[in-house]
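Chemist: Prediction below, plus the sequence it came from.
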Amino acid sequence: MPSVFAHRGLHLIERENTPEAFSAAVALGVDGVELDVRRSLDGALVVHHDPSVGGLVIAQTLARDLPSHVAALDEVMEHLRGVRVNVEIKNIRDPSEPTYDETGDFARQVLAFLDEGDWSESVIVSCFDLATCIQVRAIDEAASVGWLWWDVEPSHALAAAGAARLNAVHPHYSLVDGALVRRARDLGLDTNVWTVNRDDDIKAMVSHGVSSIITDDPALALAILGERP
(Lines give C-alpha, C1' and ligand atoms only; values in the text may rest on other atoms or scores of the structure.)
Protein backbone atom coordinates (compact mmCIF):
# COMPACT_ATOMS: atom_id res chain seq x y z
CA MET A 1 0.00 0.00 0.00
CA PRO A 2 1.26 3.53 -0.73
CA SER A 3 2.16 5.99 1.97
CA VAL A 4 -0.18 8.95 2.53
CA PHE A 5 1.32 12.44 2.63
CA ALA A 6 -0.70 15.48 3.66
CA HIS A 7 -0.14 18.19 1.06
CA ARG A 8 0.87 21.34 2.97
CA GLY A 9 -0.47 19.72 6.13
CA LEU A 10 -4.12 19.22 7.03
CA HIS A 11 -5.08 22.48 5.38
CA LEU A 12 -8.76 21.62 5.01
CA ILE A 13 -9.12 22.65 8.66
CA GLU A 14 -5.99 24.76 9.32
CA ARG A 15 -4.04 27.35 7.36
CA GLU A 16 -1.72 25.52 4.95
CA ASN A 17 2.01 25.21 5.61
CA THR A 18 1.68 26.16 9.28
CA PRO A 19 2.60 24.31 12.47
CA GLU A 20 -1.12 23.89 13.20
CA ALA A 21 -1.76 22.22 9.82
CA PHE A 22 1.19 19.87 10.26
CA SER A 23 0.30 18.96 13.84
CA ALA A 24 -3.25 18.17 12.76
CA ALA A 25 -1.96 15.94 9.95
CA VAL A 26 0.30 14.04 12.34
CA ALA A 27 -2.61 13.59 14.77
CA LEU A 28 -4.70 12.19 11.91
CA GLY A 29 -2.14 9.43 11.40
CA VAL A 30 -0.53 10.28 8.06
CA ASP A 31 2.73 8.68 7.02
CA GLY A 32 4.18 12.03 6.05
CA VAL A 33 3.61 15.63 5.05
CA GLU A 34 4.66 17.81 2.14
CA LEU A 35 5.84 21.38 2.69
CA ASP A 36 7.36 24.22 0.67
CA VAL A 37 10.53 26.05 1.65
CA ARG A 38 11.69 29.49 0.47
CA ARG A 39 14.39 31.95 1.48
CA SER A 40 13.77 35.44 2.77
CA LEU A 41 15.94 38.41 1.85
CA ASP A 42 18.15 37.79 4.89
CA GLY A 43 18.54 34.11 4.07
CA ALA A 44 16.05 32.63 6.54
CA LEU A 45 14.36 29.39 5.51
CA VAL A 46 10.60 29.88 5.71
CA VAL A 47 7.64 27.69 4.82
CA HIS A 48 5.27 29.09 2.20
CA HIS A 49 4.02 27.96 -1.20
CA ASP A 50 3.63 31.17 -3.20
CA PRO A 51 6.51 33.57 -3.92
CA SER A 52 4.56 36.42 -2.33
CA VAL A 53 2.44 36.82 0.78
CA GLY A 54 0.39 39.82 1.84
CA GLY A 55 1.78 41.85 -1.06
CA LEU A 56 5.38 41.07 -0.04
CA VAL A 57 7.81 39.12 -2.21
CA ILE A 58 9.37 36.67 0.24
CA ALA A 59 12.80 36.68 -1.44
CA GLN A 60 12.86 40.48 -1.20
CA THR A 61 11.61 40.78 2.39
CA LEU A 62 13.35 40.33 5.73
CA ALA A 63 11.99 37.35 7.68
CA ARG A 64 10.99 39.60 10.59
CA ASP A 65 8.76 41.63 8.25
CA LEU A 66 6.79 38.67 6.90
CA PRO A 67 3.28 37.96 8.26
CA SER A 68 3.32 36.01 11.50
CA HIS A 69 1.72 32.93 9.95
CA VAL A 70 4.76 32.42 7.70
CA ALA A 71 6.68 30.01 9.90
CA ALA A 72 10.39 29.32 9.97
CA LEU A 73 11.40 25.88 8.72
CA ASP A 74 12.96 24.96 12.06
CA GLU A 75 9.72 25.77 13.89
CA VAL A 76 7.65 23.66 11.52
CA MET A 77 9.96 20.66 11.62
CA GLU A 78 9.65 20.37 15.37
CA HIS A 79 6.00 19.45 14.83
CA LEU A 80 6.95 16.62 12.46
CA ARG A 81 8.96 14.22 14.55
CA GLY A 82 7.99 10.65 13.75
CA VAL A 83 6.72 11.17 10.19
CA ARG A 84 8.35 11.49 6.80
CA VAL A 85 8.68 15.00 5.39
CA ASN A 86 8.75 15.93 1.72
CA VAL A 87 10.63 19.24 1.67
CA GLU A 88 10.00 20.96 -1.65
CA ILE A 89 12.63 23.56 -2.50
CA LYS A 90 10.85 26.36 -4.36
CA ASN A 91 13.51 27.13 -6.94
CA ILE A 92 12.66 27.13 -10.62
CA ARG A 93 13.19 29.26 -13.71
CA ASP A 94 9.69 30.58 -14.32
CA PRO A 95 8.13 34.00 -14.95
CA SER A 96 6.02 33.55 -11.82
CA GLU A 97 9.13 33.29 -9.65
CA PRO A 98 11.04 36.51 -8.83
CA THR A 99 14.33 34.75 -8.08
CA TYR A 100 16.23 31.66 -9.16
CA ASP A 101 19.37 30.35 -7.48
CA GLU A 102 21.59 28.57 -9.97
CA THR A 103 24.60 28.40 -7.65
CA GLY A 104 23.32 25.62 -5.40
CA ASP A 105 23.52 27.83 -2.30
CA PHE A 106 19.80 27.46 -1.55
CA ALA A 107 19.95 23.67 -1.82
CA ARG A 108 23.15 23.59 0.23
CA GLN A 109 21.52 25.66 2.98
CA VAL A 110 18.49 23.37 3.15
CA LEU A 111 20.67 20.27 3.33
CA ALA A 112 22.86 21.80 6.03
CA PHE A 113 19.78 22.59 8.10
CA LEU A 114 18.46 19.04 7.73
CA ASP A 115 21.82 17.56 8.64
CA GLU A 116 22.31 19.77 11.70
CA GLY A 117 18.84 18.94 12.97
CA ASP A 118 19.30 15.20 12.40
CA TRP A 119 16.43 15.24 9.91
CA SER A 120 18.16 13.77 6.88
CA GLU A 121 16.96 10.18 7.29
CA SER A 122 13.29 11.19 7.59
CA VAL A 123 13.22 13.67 4.70
CA ILE A 124 12.99 13.52 0.93
CA VAL A 125 14.00 16.73 -0.83
CA SER A 126 12.04 17.56 -3.96
CA CYS A 127 11.97 20.29 -6.60
CA PHE A 128 10.41 20.99 -10.00
CA ASP A 129 13.86 22.06 -11.20
CA LEU A 130 15.98 19.12 -12.33
CA ALA A 131 19.17 21.17 -12.00
CA THR A 132 18.39 21.76 -8.32
CA CYS A 133 17.75 18.03 -7.82
CA ILE A 134 21.12 17.29 -9.40
CA GLN A 135 22.75 19.85 -7.12
CA VAL A 136 21.21 18.17 -4.08
CA ARG A 137 22.58 14.82 -5.23
CA ALA A 138 26.04 16.32 -5.80
CA ILE A 139 26.07 18.00 -2.38
CA ASP A 140 24.88 14.93 -0.47
CA GLU A 141 25.19 11.48 -1.98
CA ALA A 142 23.05 10.04 0.83
CA ALA A 143 20.13 12.47 0.47
CA SER A 144 16.76 11.23 -0.76
CA VAL A 145 15.87 13.29 -3.82
CA GLY A 146 12.68 13.44 -5.88
CA TRP A 147 12.03 15.35 -9.11
CA LEU A 148 8.61 16.95 -9.37
CA TRP A 149 6.89 16.74 -12.77
CA TRP A 150 4.14 18.64 -14.44
CA ASP A 151 4.73 19.59 -18.07
CA VAL A 152 7.17 16.84 -19.10
CA GLU A 153 7.36 13.85 -21.39
CA PRO A 154 7.34 10.95 -18.91
CA SER A 155 9.61 8.47 -20.67
CA HIS A 156 12.36 11.03 -21.25
CA ALA A 157 11.95 12.39 -17.73
CA LEU A 158 12.26 8.91 -16.23
CA ALA A 159 15.49 8.37 -18.12
CA ALA A 160 16.84 11.72 -16.92
CA ALA A 161 15.91 10.95 -13.31
CA GLY A 162 17.60 7.58 -13.51
CA ALA A 163 20.73 9.05 -15.09
CA ALA A 164 20.87 11.66 -12.31
CA ARG A 165 20.72 8.87 -9.70
CA LEU A 166 17.67 10.33 -8.01
CA ASN A 167 15.57 8.32 -5.58
CA ALA A 168 12.11 9.20 -6.83
CA VAL A 169 9.96 10.97 -9.34
CA HIS A 170 6.98 13.05 -8.23
CA PRO A 171 4.62 13.28 -11.21
CA HIS A 172 1.19 14.85 -11.29
CA TYR A 173 -1.23 11.93 -11.01
CA SER A 174 -2.67 12.62 -14.48
CA LEU A 175 0.66 11.49 -15.98
CA VAL A 176 0.70 8.16 -14.13
CA ASP A 177 -0.27 4.68 -15.21
CA GLY A 178 0.93 1.21 -14.34
CA ALA A 179 3.54 1.18 -17.10
CA LEU A 180 5.16 4.36 -15.79
CA VAL A 181 5.32 2.98 -12.25
CA ARG A 182 6.87 -0.27 -13.48
CA ARG A 183 9.43 1.58 -15.59
CA ALA A 184 10.32 3.80 -12.65
CA ARG A 185 10.73 0.76 -10.44
CA ASP A 186 13.06 -0.81 -13.02
CA LEU A 187 15.21 2.33 -12.77
CA GLY A 188 15.24 2.16 -8.97
CA LEU A 189 12.86 5.10 -8.61
CA ASP A 190 9.89 5.47 -6.28
CA THR A 191 6.77 7.12 -7.71
CA ASN A 192 5.24 9.71 -5.38
CA VAL A 193 2.17 11.25 -7.00
CA TRP A 194 0.44 14.61 -6.43
CA THR A 195 -2.15 16.01 -5.75
CA VAL A 196 -4.66 13.13 -5.57
CA ASN A 197 -7.95 14.15 -3.99
CA ARG A 198 -10.83 12.20 -5.52
CA ASP A 199 -11.95 8.74 -4.49
CA ASP A 200 -11.56 7.19 -7.95
CA ASP A 201 -8.15 8.77 -8.54
CA ILE A 202 -6.81 7.57 -5.19
CA LYS A 203 -7.99 4.04 -5.97
CA ALA A 204 -6.41 4.23 -9.43
CA MET A 205 -3.05 5.26 -7.98
CA VAL A 206 -3.23 2.35 -5.52
CA SER A 207 -3.93 -0.04 -8.39
CA HIS A 208 -0.94 1.33 -10.32
CA GLY A 209 1.32 0.55 -7.36
CA VAL A 210 2.61 4.04 -6.60
CA SER A 211 4.89 4.51 -3.60
CA SER A 212 3.18 7.54 -2.06
CA ILE A 213 0.03 9.59 -2.51
CA ILE A 214 0.29 13.31 -1.80
CA THR A 215 -3.19 14.62 -1.14
CA ASP A 216 -5.21 17.57 0.12
CA ASP A 217 -7.61 15.09 1.75
CA PRO A 218 -5.47 12.65 3.74
CA ALA A 219 -8.48 11.50 5.79
CA LEU A 220 -10.14 10.24 2.60
CA ALA A 221 -6.95 8.53 1.41
CA LEU A 222 -6.44 6.82 4.78
CA ALA A 223 -10.06 5.66 4.79
CA ILE A 224 -9.73 4.19 1.30
CA LEU A 225 -6.56 2.40 2.32
CA GLY A 226 -8.31 1.03 5.38
CA GLU A 227 -5.90 2.71 7.78
CA ARG A 228 -8.47 4.86 9.57
CA PRO A 229 -11.87 3.99 11.03
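Modeler: Looks like it came in fine. Numbering: from 1, shown residues only.
Chemist: Which SSE is immediately downstream of the biggest strand by length in the chain?
Modeler: Counting residues, the longest strand in the chain under DSSP state E turns out to be strand 32-39. Sequence-wise, the next helix or strand downstream of strand 32-39 (DSSP states H and E) is strand 45-47.
Chemist: List of residues touching that next one?
Modeler: 17-18, 35-40, 58, 63, 66, 70-74, 76, 109-110, 113 (CB atoms under 8 Å, 6 or more residues apart in numbering). Where you see a C-beta, it was placed from the backbone N, CA and C, and this is true even at glycine.
Chemist: May I see the ChimeraX selection of the buried members of those residues?
Modeler: Selection of buried members from the contacts of strand 45-47 for ChimeraX, criterion 16 or more other CB atoms under 10 Å:
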select :17,18,35,36,37,38,39,40,58,63,66,70,71,72,73,76,109,110,113
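Chemist: In strands, which of the contacts of strand 45-47 appear?
Modeler: Going by DSSP E, the strands hold 35-39, 71-72 from those.
Chemist: List the residue ranges of the protein that fall below the pLDDT cut-off.
Modeler: Residue ranges of the chain with pLDDT under 70: 227-229.
Chemist: Which stretches in it count as helices?
Modeler: Using DSSP state H, the helices of the chain run over 19-28, 73-77, 105-116, 130-139, 154-163, 178-186, 199-208, 218-224.
Chemist: With distance to residue 192 added, can I get those helices in a markdown table?
Modeler: As requested, the helices of the chain are exported to a markdown table (distance: least, CB to CB, whole Å):
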| stretch | distance to residue 192 |
| --- | --- |
| helix 19-28 | 16 |
| helix 73-77 | 19 |
| helix 105-116 | 18 |
| helix 130-139 | 13 |
| helix 154-163 | 12 |
| helix 178-186 | 10 |
| helix 199-208 | 10 |
| helix 218-224 | 13 |
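Chemist: Can you get me a residue count around residue 15?
Modeler: For residue 15, the neighbour count with other CB atoms under 10 Å is 13.
Chemist: Just list the residues touching it, thanks.
Modeler: 21, 69 are the contacts of residue 15 under CB under 8 Å, 6+ apart.
Chemist: That one and residue 213, how far apart?
Modeler: 22 Å (CB to CB, to the nearest Å).
Chemist: same check, this time on residue 82
Modeler: From residue 82 across to residue 213, the span is 19 Å (CB to CB).
Chemist: With neighbour numbers in mind, choose between these two.
Modeler: Neighbour totals were compared for residue 82 and residue 213, and residue 213 leads with 28 against 6 (other CB under 10 Å).
Chemist: Show me what that one is bridged to.
Modeler: residue 4, residue 193 (DSSP bridges).
Chemist: pretty sure it is touching residue 3, no?
Modeler: Yes: the criterion here is CB atoms under 8 Å, and residue 213 meets it with residue 3 at 7.3 Å.
Chemist: Name the residues that touch stretch 174-187?
Modeler: Taking CB under 8 Å, 6+ apart as the rule, stretch 174-187 contacts 149, 152, 154-155, 158-159, 161-162, 169, 171, 190-191, 193, 205, 207-210.
Chemist: Of these, keep whichever come out buried.
Modeler: Among the contacts of stretch 174-187, the ones that count as buried by 16+ other CB under 10 Å are 149, 152, 154, 158, 161-162, 169, 171, 190-191, 193, 205, 208, 210.
Chemist: Could you export the residues you listed as CSV, including distance to residue 27?
Modeler: Converted to CSV, the buried ones among the contacts of stretch 174-187 look like this (distance: CB to CB, whole Å):
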residue, distance to residue 27
149, 31
152, 35
154, 36
158, 36
161, 34
162, 37
169, 30
171, 29
190, 26
191, 27
193, 24
205, 24
208, 29
210, 25
